[in-house]
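Participant: Here is a sequence together with a model predicted from it:
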Amino acid sequence: MSDADGSRFVMRDRDWHPKALTPDYKSSITRSPRQALVSIAQSPSETGGPDFSQLRLGRLDNDLLRNFDNGGLPVGERIIVAGRVCDQYGKPVPHTLVEMWQANAGGRYRHKNDRYLAPLDPNFGGVGRTLTDRDGYYSFRTIKPGPYPWRNAPNDWRPAHIHFSISGPAIATRLVTQLYFEGDPLIPLCPIVKSIASPEAVQSLIARLDMSNANPMDCLAYRFDIVLRGQRRTHFENC
């Protein structure tokens, strides 16, 4: 994120984010760089834009309970996920694109390569998008995703999580990350989470129960604030 006068961008702290090579996270072995990273000066195309003012969103793009409706409602725990996108100084990032994708309540993605035995939900697509408002706030209505096993070790499971992509005010500020849910016992067991050395960084990925934003007799709510680049940034996804 640029500093207060917009003249420069804060470099990512490589000690905050996980190392590219994390042997217990098996797929990182084959895709981690074998040589030192090279710093390249940012070009105007990286520090300016994108402009989403002309982006036309559908009425239900941020409502995953209804945007894949095939004659019914999806199965699972109905939740609201909402929060604020800001820069390292607490300044809101307005009118920026927030995208999310997730597994269904059984832990299965609507993707041709997902072969987990949980069934697909005919009324759940698992993707959504929205723009932050002028104060940097966003909101989604969805189903709480289920955990699922993955072929990292004989009995490794991913905690329930939602993937996020936040574009920010410039290409250089784009963040791809994951949201986990407060109190999930699988979080400290996950090899991906354990690749993050800083406990504070792990906490930046955990959404907190937010009863003040819940819909009575309908949806629980979770608060997930996101910080782009800088000293209080949200952890960058290592995948």
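Facilitator: Received, thanks.
Participant: Now do the nearest residue to Leu21 once chain neighbours are set aside against Ala20, distance only.
Facilitator: For Leu21, ignoring the flanking residues on the chain, the nearest one in space by C-beta to C-beta, 6 or more residues apart in numbering is Ser32 at 3.9 Å. To be clear about C-beta, it is placed using only N, CA and C from the backbone, and glycine gets the same treatment. Ser32 is 4 Å from Ala20, where distance means C-beta to C-beta, to the nearest Å.
Participant: mind listing what the residue nearest to Leu21 touches?
Facilitator: When the contact criterion is C-beta atoms under 8 Å, 6 or more residues apart in numbering, the partners of Ser32 are 19-22.
Participant: Which single one of those residues is nearest to Glu99?
Facilitator: Nearest to Glu99 among the contacts of Ser32 is Ala20, at 24.0 Å by C-beta to C-beta.
Participant: any idea whether that closest one is helix, strand or coil?
Facilitator: With DSSP: H, G, I helix; E, B strand; the rest coil as the basis, the three-state label of Ala20 is coil.
Participant: Secondary structure of Thr30: a strand, I assume?
Facilitator: No: using three-state DSSP, the assignment for Thr30 is helix, not a strand.
Participant: Determine the number of other residues adjacent to it.
Facilitator: Burial measure for Thr30: 7 neighbouring residues, criterion other C-beta atoms under 10 Å.
Participant: I'd like the distance between it and Leu120.
Facilitator: Thr30 is 29 Å from Leu120, by C-beta to C-beta.
Participant: same check, this time on Val98
Facilitator: From Val98 over to Leu120 the distance is 25 Å, taken as C-beta to C-beta.
Participant: Those two: which is more packed in?
Facilitator: For Val98 against Leu120, the residue with the higher neighbour count under other C-beta under 10 Å is Val98, and the figures read 23 against 16.
Participant: mind checking the SS state of that one?
Facilitator: Classified using three-state DSSP, Val98 is strand.
Participant: For it, give me its contacts.
Facilitator: Applying C-beta under 8 Å, 6+ apart, we find Val98 in contact with 85, 129-132, 138, 164-167.
Participant: how distant is the one helix or strand in the chain whose mean pLDDT sits lowest from the center of its chain?
Facilitator: In the chain, the helix or strand scored least confidently by mean pLDDT, DSSP states H and E is helix 44-47, which has a mean of 77. Remark: helix 44-47 is offset 23 Å from the chain centroid, using C-alpha atoms, centre = their mean, to the nearest Å.
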